[in-house]
Every structure is written in structure tokens, then in C-alpha cells.
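Q: Mind folding the following:
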Amino acid sequence: MQKQKNIRLLLILGGLITLLTLLPYFKVRKGLDIDKRQFTLNPETVITDVVLTSKKNANKLSYVQGVWQVNDTYELDPNMRDVFFSVLSQLEIRKEIPQSQKDSLVQLIKTEGTEVKILNNSELVKHYFIWGDSELQTSFVLDEDDNGYMVHIPGYRSFVAGIFQVPTSDWRSRRAFTAMFTNLNSLKIKYPTDSIEFRYKNSFFEIVGMEADSTQLITSLENLLFLQTDQYLVEEELVKYEVEAVTKNTPMVLISTSKLSGATEYVRIFDTSKNQPYFIGLSPDSSFCLFNKKRLVKILVKKSDFE
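A: Residues are numbered from 1 along each chain as shown. Below you'll find the predicted structure:
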């Protein structure tokens, strides 16, 4: 009897071992028994372009000669770049769309969502649609076979789909000038009644016509050279900020840079009413933008600040 029991136990054990061995090869689509990371971009994956297309926006992020660009025109904002690629590398499926909601959600995701194409040159790496409900803070992804999933970033309560929906103005770098210390010849601030010029001379920078503390000089020059806008304005915002009326006036300040190559860039800044927290700016590429008043006033220096 004991021998028969031992044989049965060995048969059961052998069956369990066989089942455990074969289990990874069975694909049972229940709950989360799916590839949760099928939309996730692996860190080692090489990509050159991300194309985001929706009814409201069409943006292409491209890696060109060591720099990420937006629509082959603007430099991609470094902070936006880091956040976006962090989302791409952490995005995971939370659960499948319920069958009862599938038809309506599939249609909604395709018509109101953003089509995402991630490429390595001409090779398509990932392709899906993403849409989300900002009020409910939920995001959904649709694959090429119309399988829909709710997605999230594990450990975070965040509206994942939101970053896929931003306009071009939010993708572009907020740096006003393209010059760097390595190729800067001069930077000039011109007021209606005064001006100050920083100039490269004898392997260092000086303020034309006066002596200045080197630490204070470099700090001020750095603040101006790396001047950033708070926001670029899109067409529908121009009326809201009364841009046409404000920019009819003479700029309160004109900041210009000149590179060693001779190329120049200008930022014009216009005053606004006292109850407004921002100045209106006109960037080197003639885009209207906003500058925070409190921050800008601190970096707009005059010769008297160095006396």
C-alpha cells in the first residue's frame, strides 16, 4: 500500500513539475496576465523621432546632430524632454478596457486622442493611440489591433496622457538666446535713456567703459545670456494678453546678443499695466512670450548697479 501511495505521489509531483515548466508558454488573457510593458520604451532602445498627431496638434520631436528639435525648427525644452522620455520608459498597462466599454472607448481614443509613432530612422519602434480624461486623471492606450488598456506610471498619481497633448509652444525651449559663453562676443541691454554692454575682450568679459567686480559681472551676464521666457503665446492667446496694444509702444528694454561669428539676436520687452504679473516679450524668431516681472526686474541691470 505504501509503495502505491509513493508511486501516486511521484506521479502527482511529476505532473506539477511538468505544469510549472509549461506554464510560461500558456497565454491566458485574464486580469493582468498580459505584457504590462508592451507600450514601454526600453532605455537601451535607440530612437530618432517621435511623431505626435491629434486634431489639435501635430508635433515631431527629432534628434538632429546631437540636439533634440521640435518640428525641425525649435530646440526641445530640456525639462520637457526629460519628463516625456521618463513617461515613455515607465508607462505600464494597469488593466484592460472592460468589454462593455470597448466599442465606445476605442472610437473616442482614435478620434480625440493622440497618435504616437516612435521611430529609429525609418524603423517603427512603437505605434499606438493615447487619450485621457483629465478630470478623472485616467489614461487609455489603444494598440494597432484596437486592443484598449488603461495605463499609468506605477507608484504615481499622474495624468499620463496630458504630456502627449501639449501644443508646440510648450515643447520648445524657453531659452531666449542661442548664444553660449563659448561663442558670445557681446551682450547689450538698451533702455530708452541708457544702455550697458558686456563684451568679450582679452580672454574675459568686461563692461564697456567701466570697471566692474568680475564675480558680479559674470553672474549678471549669465542671468541675461540664459534668459528664459515663462510662456510662449499661441494665436488665440494674443487678444487675451492685449498683445497688439502693448507692442505698439516703444520697448521698455531691448536685449541683444552678438556671436563671434557676427550673428545677432534680439529680445524686445514691453511694459504692461501695474496689476499684471508679466511683461510681454518678442523673441528673436518673432514669437510673442511672457516674462515674469519679479524675476526679470532682478536681472535687468544698469551701469549704476556696478558703480
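
Q: how does this protein divide into domains?
A: 49-171, 184-306 (automatic domain parsing).

Q: any chance of the ones you listed in a markdown table, with mean pLDDT too?
A: Shown next, in a markdown table, are the domains of the chain (pLDDT from 0 to 100):
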| stretch | mean pLDDT |
| --- | --- |
| domain 49-171 | 93 |
| domain 184-306 | 95 |
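
Q: nearest to residue 36, of those?
A: Among the domains of the chain, domain 49-171 comes nearest to residue 36, with 4.6 Å by Cβ to Cβ. Where you see a C-beta, it was placed from the backbone N, CA and C, and this is true even at glycine.

Q: Next up, the contacts around the most centrally placed residue in the chain.
A: With distances taken as Cα atoms, centre = their mean, residue 80 lies nearest the centre of the chain, 2.1 Å away. Applying Cβ atoms under 8 Å, 6 or more residues apart in numbering to residue 80 gives the contacts 163, 166, 170, 171.

Q: What about the residues you listed, which are in helices?
A: 170, 171 (DSSP state H).

Q: Out of the contacts of residue 80, which end up buried?
A: 163, 166, 170, 171 (16 or more other Cβ atoms under 10 Å).

Q: Give me the buried positions along stretch 147-165.
A: Within stretch 147-165, the residues that count as buried by 16+ other Cβ under 10 Å are 147-153, 159-161, 163-165.

Q: May I see the domains of the chain arranged in JSON lines, with distance to residue 178 as well?
A: Below are these laid out as JSON lines (distance: least, Cβ to Cβ, whole Å):
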{"stretch": "domain 49-171", "distance to residue 178": "8"}
{"stretch": "domain 184-306", "distance to residue 178": "7"}
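
Q: Please name whichever of those domains is nearest to residue 41.
A: Nearest to residue 41, of all the domains of the chain, is domain 49-171, at 4.1 Å by Cβ to Cβ.

Q: first vs last residue of the closest one, how far apart are they?
A: One end of domain 49-171 to the other measures 14 Å (Cα to Cα, to the nearest Å).

Q: Show me where the stretch 201-307 of the chain has its helices.
A: Secondary structure of the stretch 201-307 of the chain (DSSP state H, counting those that start in this stretch): helices at 214-225, 243-246, 293-299.

Q: which residues does residue 210 form a beta bridge with?
A: Beta-bridge partners for residue 210, by DSSP bridges, are residue 207.

Q: what residues are up against it?
A: Contacts were defined as Cβ under 8 Å, 6+ apart; by that measure residue 210 touches 303, 306, 307.

Q: Return the members of those residues classed as buried.
A: Among the contacts of residue 210, those scoring as buried are residue 303 (criterion: 16+ other Cβ under 10 Å).

Q: What score does residue 34 have for pLDDT?
A: At residue 34, the pLDDT value in this model is 81.

Q: tell me the SS of it?
A: The three-state label given to residue 34 by DSSP: H, G, I helix; E, B strand; the rest coil is coil.

Q: give me the number of residues near the residue lying closest to it once chain neighbours are set aside?
A: Among residues not flanking residue 34 along the chain, residue 93 sits closest, at 6.4 Å (Cβ to Cβ, 6 or more residues apart in numbering). Neighbourhood size, residue 93 [other Cβ atoms under 10 Å]: 19.

Q: Could you verify my assumption that residue 93 touches residue 153?
A: No: the pair residue 93 / residue 153 is not scored as a contact, 11.4 Å apart, by Cβ atoms under 8 Å.

Q: Do me a favour and get the end-to-end distance for stretch 273-291?
A: 14 Å.

Q: cool, and stretch 68-77?
A: For stretch 68-77, the first-to-last residue distance is 9 Å (Cα to Cα).

Q: If you count neighbours, what's buried in that stretch?
A: Residues of stretch 68-77 classed as buried by neighbour count (16+ other Cβ under 10 Å): 68, 69, 70, 74, 75, 76, 77.

Q: Equivalent analysis for stretch 203-221, please.
A: Going by neighbour count (16+ other Cβ under 10 Å), the buried part of stretch 203-221 is 205, 206, 207, 212, 217, 218, 220, 221.

Q: And the closest residue to the fourth one other than its chain neighbours, how close does it get to residue 207?
A: Meaning residue 212. Nearest residue to residue 212, sequence neighbours excluded (Cβ to Cβ, 6+ apart): residue 306, at 4.2 Å. According to Cβ to Cβ, to the nearest Å, residue 306 and residue 207 sit 6 Å apart.

Q: shared neighbours, those two?
A: Residues touching both residue 306 and residue 207 by Cβ under 8 Å, 6+ apart: residue 217.

Q: Export the buried ones among the contacts of residue 80 to JSON lines and append columns for distance to residue 198.
A: Below are the buried ones among the contacts of residue 80 laid out as JSON lines (distance: Cβ to Cβ, whole Å):
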{"residue": "163", "distance to residue 198": "37"}
{"residue": "166", "distance to residue 198": "35"}
{"residue": "170", "distance to residue 198": "31"}
{"residue": "171", "distance to residue 198": "31"}
